[in-house]
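Undergrad: this one's sequence-less:
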């Protein structure tokens, strides 16, 4: 996995190569039941009932991670800006508790490397404090670990 933070500190890019065909990785990002399996990481899980995806430009998405320890919730939501199957997604992350807060923008590219391998590059940019982007690197690493595990178990 490679990762980096932009010069201004207001962005983060994380990439990883997965041992799965691009179409399979795309579906893991865009089908609610699959997304719920890997979006999270200890101590959080994402109940499938909290995930909705209207996969089209202008369509909304939602997911809520729930703490296994105390039941606290971390809701996420946004709008798809671009959907170019199976190559690219651009979506916003919006703070449901503050509708006036500017959106974070996540761009995810899926590159077919051949031989059943796919590189995923996630680039998030926006308005969060600089230190939050350092935390995001850890968060994406956890998401990608969970995604790799999900893809490996799905191929068995």
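TA: All right, it came through fine. Since this is a predicted model, take the numbers as computed values, not measurements.

Undergrad: List the buried residues for the host helix or strand of residue 65?
TA: In this structure, residue 65 is located in strand 60-67 according to DSSP states H and E. Applying a neighbour-count criterion of 16 or more other Cβ atoms under 10 Å, one finds 61-66 buried in strand 60-67. Where C-beta positions appear, they are placed from N, C-alpha and C, glycine not excepted.

Undergrad: Looking at those residues, which one is closest to residue 129?
TA: residue 65 (20.4 Å; Cβ to Cβ).

Undergrad: now do the same end-to-end measure for stretch 50-70.
TA: End-to-end span of stretch 50-70 (Cα to Cα, to the nearest Å): 17 Å.

Undergrad: What are the contacting residues of the strand holding residue 65?
TA: 35-36, 39-40, 43-47, 50-55, 72-80, 91 (Cβ atoms under 8 Å, 6 or more residues apart in numbering).

Undergrad: In strands, which of these fall?
TA: 44-45, 52-53, 73-80, 91 (DSSP state E).

Undergrad: ok so, going back, export the buried residues of strand 60-67 to a markdown table and tack on distance to residue 31 and pLDDT?
TA: Listed next are the buried residues of strand 60-67 as a markdown table, based on distance: Cβ to Cβ, whole Å; pLDDT from 0 to 100:
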| residue | distance to residue 31 | pLDDT |
| --- | --- | --- |
| 61 | 12 | 98 |
| 62 | 15 | 97 |
| 63 | 12 | 96 |
| 64 | 17 | 96 |
| 65 | 18 | 95 |
| 66 | 20 | 97 |
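
Undergrad: nearest to residue 28, of the residues you listed?
TA: Using Cβ to Cβ, those come closest to residue 28 at residue 63, 13.4 Å.

Undergrad: what bridges to that closest one?
TA: residue 76 (DSSP bridges).

Undergrad: Thank you kindly, that will do.
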